[in-house]
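1. with the sequence up front, the predicted model follows.
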Amino acid sequence: MTTAATSPTTTSSAPTSSPTTAVRIGATATLLGSLAFISTVAAGGDLSARESFLLPVGIVGSAIATVGLAVLIWCLPAFLVGVQRWVVAMVGAALAFTLALTWFDATAIVGIASTTTDPVFDDIGSSAGVSALFVPKSVLGLVAFAALAIFGRRSGTLGRAGAALIGLGAVVFLLPPYPPGLVLVSIGLLVAARGTGRDRSHANE
């Protein structure tokens with residue numbers, strides 16, 4: 001009677017690189033989309049606010065940022081495995097409200113700008129209802145990304161540079177426009193993903 005020898009199976013304890021890759025893709029998209037939107041300020045120096053929102057580079061940039069935010073909302077829970085769940089949930093909520101603004105800039109505001117005059121558009125933009133749209137993004141962004149910078153650093157998920165950039169982004173998130181804060185947070189996530197990828201490659205050597 002012979003017994004078949006079975007070779008032991010080895011499993012790697014290192015986490016999969018899929019979340020890291022997804023974070024890189026999402027953060028790159030949000031960074032490029034935000035920079036494209038910011039470029040409309042320089043490109044539209046002689047344009048009214050209404051006309052600047054009709055610039056194709058801003059519309060495309062907001063659409064790209066929307067896709068990037070959707071990717072980050074999907075992949076960050078798996079990437080931030082060492083961070084408290086309530087922090088991850090708040091980060092997801094902040095990104096979701098930011099996504100609502102980028103989608104609004106890529107779609108609804110284009111329709112409004114296309115069918116109104118400059119004075120009417122300015123009145124709509126300065127109304128209390130429109131101003132209120134920025135409050136959840138600003139408040140959640142401040143609290144969520146400040147918490148992520150602190151607890152992500154403590155858990156070792158974020159390096160010093162990534163935590164510093166995300167923490168600074170949390171403060172800048174208080175500004176009504178989404179791009180400045182999202183630029184800093186995106187760069188911070190890219191730095192964190194780069195460090196995580198390097199650590200995982202060393203662990204597999």
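-> Sure, I can see it. Quantities reported herein were computed from a predicted structural model and do not represent experimental measurements.

2. in three-state terms, label residue 175 for me.
-> What DSSP: H, G, I helix; E, B strand; the rest coil gives for residue 175 is coil.

3. which stretches of this structure have low pLDDT?
-> 1-17, 44-45, 196-205 (pLDDT under 70).

4. buried stuff in stretch 59-74?
-> For stretch 59-74, the neighbour count (16 or more other CB atoms under 10 Å) marks 59, 61-73 as buried. Glycine gets a C-beta too; all of them are placed from N, C-alpha and C.

5. take the residues you listed and lay them out in JSON lines including distance to residue 87 and secondary structure.
-> JSON lines is the format used below for the buried residues of stretch 59-74 (distance: CB to CB, whole Å; DSSP: H, G, I helix; E, B strand; the rest coil):
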{"residue": "59", "distance to residue 87": "33", "secondary structure": "helix"}
{"residue": "61", "distance to residue 87": "28", "secondary structure": "helix"}
{"residue": "62", "distance to residue 87": "27", "secondary structure": "helix"}
{"residue": "63", "distance to residue 87": "29", "secondary structure": "helix"}
{"residue": "64", "distance to residue 87": "27", "secondary structure": "helix"}
{"residue": "65", "distance to residue 87": "23", "secondary structure": "helix"}
{"residue": "66", "distance to residue 87": "23", "secondary structure": "helix"}
{"residue": "67", "distance to residue 87": "24", "secondary structure": "helix"}
{"residue": "68", "distance to residue 87": "21", "secondary structure": "helix"}
{"residue": "69", "distance to residue 87": "18", "secondary structure": "helix"}
{"residue": "70", "distance to residue 87": "20", "secondary structure": "helix"}
{"residue": "71", "distance to residue 87": "19", "secondary structure": "helix"}
{"residue": "72", "distance to residue 87": "15", "secondary structure": "helix"}
{"residue": "73", "distance to residue 87": "14", "secondary structure": "helix"}
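
6. nearest to residue 183, of the residues you listed?
-> Residue 183 has its nearest neighbour among those in residue 65, at 10.1 Å by CB to CB.

7. which ones are touching the closest one?
-> Going by CB atoms under 8 Å, 6 or more residues apart in numbering, residue 65 touches 29-30, 32-34, 37, 102, 178-179, 182.

8. ok, residue 106 next?
-> 59-60, 62-63, 66.

9. number of residues surrounding residue 167?
-> 21 (other CB atoms under 10 Å).

10. which of the helices or strands spans the closest residue to it other than its chain neighbours?
-> Spatial nearest neighbour of residue 167, excluding adjacent residues (CB to CB, 6 or more residues apart in numbering): residue 149 at 3.5 Å. Applying DSSP states H and E as the criterion places residue 149 in helix 134-155.

11. check which helices and strands that helix sits against.
-> Helix 134-155 is packed against helix 85-106, helix 160-172, helix 179-203, with contacts defined by 3 or more CB pairs under 8 Å, 6 or more residues apart in numbering; DSSP states H and E.
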